[in-house]
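>>> I'll drop the sequence and a predicted model, then ask my questions.
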Amino acid sequence: MKQLFILKAGTTFPATAQAFGDFDAWTRAALGPLRMDVRALDVEHGAPLPPPDACAGVVITGSHAMVTDRLPWSVALEHWLPLLIANNTPVFGICYGHQLLAQATGGEVGFHSQGSELGTVEVRRLPESDSDPLFGTLPMTFPAHVAHAQSVLRLPPNAVRLAANRHEATHAFRVGDCAWGVQFHPEYTPGIMGSYIREEAADLGLTPEDVAARLRAVRETSAAEQTLRAFGRLAEARA
């Protein structure tokens, strides 16, 4: 039987992990109830990649690494992704996974010229998303949790841009019929988002007032989470 694989591309901060668990647990919870088997693979630490025909779908988590670091495990994953797309295997990349999917299919990734985006922000669905199976039923604007320094600077050829905001030109895209990338984090809860704001405040040079303002802005992001739930249902139906 095919399985849905969560490819764990990193590990969260120790305090965040102690309070909320790690990337794979957040992703599994956000996928919601599914009848098919879901298996997490720690690719950052050498878990072998499954053959494409064993995958009902693949979710690639975020990471504290950078795509441009070209780490060996990341390069291996980048070379594997086109095999999934050629096999019409559903793929969903989150943050790091979003950027890696773009790079693997001919796009460009790098640091955002305006710096990091951190907190709960408004994302705008674009008209091109109206017929998209994951985005087409979402509100035209919706809140989403974000924590990233790098971005997709250039989309892959023939990719469809699905969502954006004032900071980020590509908050979501689709390449082919069944591979999506989202720069935002549909798997974050408000508690996880608050923890990231506190953990990253010093590195980003945030003032106590800025931290407090960002924490006040944190709220539920059910529409953003729905993209991941819809992906799980799509992968299950195709399997």
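Good, I have the coordinates. Numbers count the residues shown, from 1 in each chain.
>>> return the helix ranked longest in the chain as CSV; C-alpha atoms alone will do.
In the chain, ranked by residue count with DSSP state H as the criterion, the top helix is helix 222-238. Below are the C-alpha coordinates for helix 222-238, written out as CSV (Å, rounded to 0.1, in the frame of the first residue of the first chain):
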residue,chain,number,x,y,z
SER,A,222,-7.8,27.9,10.0
ALA,A,223,-7.9,28.9,6.3
ALA,A,224,-4.2,28.5,5.9
GLU,A,225,-4.4,25.1,7.7
GLN,A,226,-7.1,24.1,5.3
THR,A,227,-4.6,24.0,2.4
LEU,A,228,-2.7,21.1,4.1
ARG,A,229,-5.9,19.3,5.0
ALA,A,230,-7.1,19.6,1.4
PHE,A,231,-3.8,18.2,0.2
GLY,A,232,-4.1,15.2,2.5
ARG,A,233,-7.6,14.4,1.2
LEU,A,234,-6.4,14.9,-2.4
ALA,A,235,-3.5,12.5,-1.9
GLU,A,236,-5.7,10.0,-0.3
ALA,A,237,-8.3,10.2,-3.1
ARG,A,238,-5.6,9.8,-5.8
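>>> contacting residues around the residue minimising distance to the centre of the chain?
Nearest residue to the geometric centre of the chain (Cα atoms, centre = their mean): Ile94, 0.9 Å. If you count contacts by Cβ atoms under 8 Å, 6 or more residues apart in numbering, Ile94 has them with 27, 59-62, 182, 185-187, 228. Quick note: C-beta positions are derived from backbone N, CA and C, even for glycine.
>>> same question for Glu236.
Applying Cβ under 8 Å, 6+ apart, we find Glu236 in contact with 4, 34-36, 56-57.
>>> what's the answer for Trp73, then?
43-46.
>>> how about 10 Å then?
7, 9, 42-47, 49, 63, 65 (Cβ atoms under 10 Å, 6 or more residues apart in numbering).
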